[in-house]
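**Student:** Would you be able to build a 3D model of this:
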Amino acid sequence: MSDSMRSYSFGQFTDNASELRRLEAQADLGWREIDCRILARTSPKPGQRVLDLGCGPGFIARRLSDMVGKNGEVVGVDLNESLLTIAHNRNASSQVRFANASVYDLTSYRGEFDFVYARLLFQHLEDPEKALNQIWQTLAPGGVLIVVDIDDGVFTVLPEPPGFVEFTQEAAAHQQRQGGDVNAQ
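**Tutor:** Presented below is the predicted three-dimensional model:
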């Protein structure tokens, strides 16, 4: 794990299997409720090359691969070797290739991708501007970049459960101490 992205570190949980199930449920729900709406406006086309940044266990990369078909390619990159092993094992028969790479150093991917997808990544970055500069350079001419992330500043639950504000404030403070920002901008 790089010092530049340490607000999330799979493999450090008491129960990593439960965390993997949580990630899969998050990907399933997010795909149905958020990603599909965003991708309905602009999505990767058959035959395109797609970069999935912070791909984790590859749940979204596999779905993106379905969109680009047999003639397309999806490259999922992540820093976490454990998640990349899971991604590779779960997607061995797909068109997805996985690589260990930092969003702060994507020089080996200059101008290669028609579509770049960064999902729930920026909230974990210490230097989002530096990452964005690297990401822009991965795009081929006319390429599309989609960033999907959270902003807890607009997160509301009604009726508000007891302790909710304190919980969200402590979670945000913890993530900030680790180098992330739940109000990713």
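
**Student:** What residues of stretch 42-58 count as buried?
**Tutor:** Neighbour counts over stretch 42-58 (16 or more other CB atoms under 10 Å) mark 43-44, 48-58 as buried. Placement of C-beta: from N, CA and C, glycine included.

**Student:** how about the residues you listed, which pair is most distant?
**Tutor:** Based on CB to CB, the longest span within these runs between 48 and 57 and measures 22.6 Å.

**Student:** Take the buried residues of stretch 42-58 and lay them out in TSV including distance to residue 103, secondary structure and pLDDT.
**Tutor:** TSV is the format used below for the buried residues of stretch 42-58 (distance: CB to CB, whole Å; DSSP: H, G, I helix; E, B strand; the rest coil; pLDDT from 0 to 100):
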residue	distance to residue 103	secondary structure	pLDDT
43	22	coil	89
44	19	coil	94
48	20	coil	97
49	17	strand	97
50	15	strand	97
51	10	strand	98
52	11	strand	96
53	6	strand	96
54	7	coil	91
55	11	coil	91
56	13	coil	89
57	17	coil	91
58	16	coil	92
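
**Student:** between these, which is closest to residue 133?
**Tutor:** Relative to residue 133, the closest of the buried residues of stretch 42-58 is residue 53; by CB to CB it sits at 13.4 Å.

**Student:** so what's that closest one up against?
**Tutor:** By CB atoms under 8 Å, 6 or more residues apart in numbering, residue 53 lies in contact with 77, 103, 116-119, 121, 135.

**Student:** what sits up against the lengthiest strand in the chain?
**Tutor:** Ranked by residue count under DSSP state E, the longest strand found in the chain is strand 139-148. Outside strand 139-148, the residues within contact range by CB under 8 Å, 6+ apart are 30, 34-35, 38-39, 42, 49, 111-122, 135-136.

**Student:** which of the buried residues of stretch 42-58 lies closest to residue 161?
**Tutor:** For those, the minimum distance to residue 161 (CB to CB) is 28.3 Å, reached by residue 56.

**Student:** For whichever helix or strand residue 40 is part of, give the mean pLDDT please.
**Tutor:** Following DSSP states H and E, one finds residue 40 within helix 36-41. For helix 36-41, the mean per-residue pLDDT is 80.

**Student:** now stretch 84-97
**Tutor:** For stretch 84-97, the mean per-residue pLDDT is 86.
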